[in-house]
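In: predicted model, plus sequence, below.
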Amino acid sequence: MDKLDETIYSLTEAERAVLHAFQDKNVDILDYIQLRELTGLSDAEISRASLWLENKGIAKRIAESTDIYVITKKGENYIDKNLPETVIFSALKDKKILNFDELRKLGLDVKEINASIGLLIRSGVAKIEKKDGKKIVVITDKGKKIDVLDSEKIFDMFRRNKAIEHKLVPKDVKLLISRGLVKKEKQTIWRLKLTDLGKKLISRGIPAIEFIEQLTPQIITSGQWKTKFIRWYDVEAWVPKTWGGRKNPLRFLMEKIRRIFMDMGFREMRSHWVDLEFWCFDSMWIPQDHPAREMQSTFWLENPSRGFIRDEELKNMVKEIQETGGDTGSRGWRLPWSEEIAKRCILRTHTTATSFRVLGYAIKKGLVKPPVKFFAIGRVFRNETIDWKHLAEFHQIEGFAIAPNLTLRSLMGYIKEFYSRMGIKKIRFKPTYNPYTEPSMEIFAWHKKMKKWVEVGNSGMFRPESLAPYGVKWPTIAWGLALERLAMLLWNIEDIRKVLGPSVELDWIRNYGFPKVEF
């Protein structure tokens, strides 16, 4: 058995049908429309068969841009009925003379009547005369000899095929174009041309063989496989690349971060995306007139617009400390505190809300007793202007620790240890202001590719006003770190939009390599 026989035995039914079309027409090039008519295959089947034949070197696909004429929406109104001029012309053929009262009874509107009469006169098949002082339409000698108008003949071509290649359309198609029934467009026409190998196959002949495409238990048990041919497959043939499921790079980082904090003795905490302003702001001693609570930073919910603060004792303590400072030694914010504002529902703006829910439930009620260490990884939402380092939704890495003798140095040590285990050594801190921590520090890391310091988080020691409602007396250190910016550092990415959001680069998600970090 030679190579040609091997090729023949590897052909699918669709490929064989296409080659039979070439064999029957005795040509070496056919377009897809011709192949569809000759084979009865669908467009998708012809397209697949053509691609397979090209991969086997039997044929070559050729794309040609050409002008085509297509029926317009206005023209589609006449697919199932005659054109207006044909309606009038048929009546003229029957009666020879029509007055305008009779024309109106043909079911056409005034515009169609006027346009059609003008076309019939220009075509020389009708004329206008006067009888008893009134205009009438009269058929001419030329009209008596014609059975079908040219415009109707041409339009009938479009009824059979709504799109026609320009070289197949009569020149008189402009009669239809000027009336908005047909228009010209650009279209890519696909043709299939036989190669030398394809011509050899055709000359040898494509035998009619009943192939087994797929082995089934029935075929094996019945013994059909002994009498029929099993189609051969080329295991070296090119196939398009498929993408299986793969872990998202942010998910990869979350798992590594979780492992690091658990190795450092932390417990994980979680909370909801939708939360109250009370837990996101009031509970941690952020005033109700703080800029972070304005519409430029916060997303409010319309439904539900309000929630519930179930712990009345905690609510009253927060109110007192907000307004007067309570017994913390502070004078508070000296502003009236509104419970209605505190109960508004928002998309949480930071995962610190999770920390204060733990303080408000587990710590305050004695379910968990200090010293303790907690962490969280969660999505947060802010009404930010999106740019290379800001997103409207992103992830934070939250953490806090309560223990005797914790200091600012303890806080810096925890943060440095975490980033060191992530493989990031160049960290520095900058003093900043937070209403709920004092002292407070912004955290910066060196970006190798951008060659500059990038802010990656915020941190501080909770103020007495923040901790008093929960009965916490020991020093408490806390931080909120940016997950996406950590990804930027580890993979040397310059734009955060590449990591998360509608502009994410799918090729990078499919092909990213794991950063060389020792955990």
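Out: Sure thing, it's come through. Residues are numbered from 1 along each chain as shown.

In: Lys171: neighbour count?
Out: Applying other CB atoms under 10 Å, we find 7 residues neighbouring Lys171. In this view, the C-beta of every residue, glycine as well, is placed from N, C-alpha and C.

In: now do it, the pLDDT please.
Out: Note on Lys171: pLDDT of 77.

In: would you mind measuring from it to Asp150?
Out: Using CB to CB, to the nearest Å, Lys171 is found at 10 Å from Asp150.

In: and for Ile377?
Out: 75 Å.

In: break this structure down into its domains, please.
Out: For the chain, automatic domain parsing gives the domain ranges 3-65+184-209, 73-181, 250-272+348-511.

In: and Trp238, which of these is closest to it?
Out: The closest of the domains of the chain to Trp238 is domain 3-65+184-209. By CB to CB, the value is 5.7 Å.

In: which residues in the stretch 101-250 of the chain form helices?
Out: 110-122, 141-145, 150-160, 174-177, 196-204, 217-222, 224-227, 249-263 (DSSP state H, counting those that start in this stretch).

In: the second one - contacts with which helices or strands?
Out: Counting contacts by 3 or more CB pairs under 8 Å, 6 or more residues apart in numbering; DSSP states H and E, helix 141-145 is packed against helix 84-95.

In: which residues sit against stretch 252-267?
Out: Here stretch 252-267 makes contact (CB atoms under 8 Å, 6 or more residues apart in numbering) with 268, 372-375, 377, 395, 397, 399, 414, 417-418, 421-422, 483, 486-487, 490, 514, 517, 519.

In: and the residues you listed, which of them are buried?
Out: Among those, the ones that count as buried by 16 or more other CB atoms under 10 Å are 372-375, 377, 395, 397, 399, 414, 418, 421-422, 483, 486-487, 490.

In: point out where the stretch 151-300 of the chain drops to low pLDDT.
Out: For the stretch 151-300 of the chain, applying pLDDT under 70 flags the ranges 209-211, 213, 231-234, 237, 295-296.

In: ditto for the stretch 351-500 of the chain
Out: In the stretch 351-500 of the chain (pLDDT under 70), no residue qualifies.

In: ranges for the helices of it?
Out: Taking DSSP H, counting those that start in this stretch as the test, the helices found in the stretch 351-500 of the chain are 352-358, 408-421, 464-467, 483-490.

In: please name whichever of those is nearest to Asn55.
Out: Nearest to Asn55, of those and by CB to CB, is helix 483-490 at 39.4 Å.

In: tell me what angle that closest one forms with helix 408-421.
Out: Angle, helix 483-490 to helix 408-421, by axes from the mean of the first three to the mean of the last three CA atoms, to 10 degrees: 60 degrees.

In: just how off-centre is helix 483-490 within its chain?
Out: Centroid separation for helix 483-490 versus its chain: 24 Å, with CA atoms, centre = their mean, to the nearest Å.

In: flag every buried residue along the helix or strand just after that helix.
Out: Using DSSP states H and E, the helix or strand that follows helix 483-490 in sequence is helix 506-511. In terms of neighbour count (16+ other CB under 10 Å), helix 506-511 has its buried residues at Ile509.

In: out of the buried ones among the contacts of stretch 252-267, the closest to Pro207 would be?
Out: For these, the closest approach to Pro207 (CB to CB) belongs to Ala487, at 59.5 Å.
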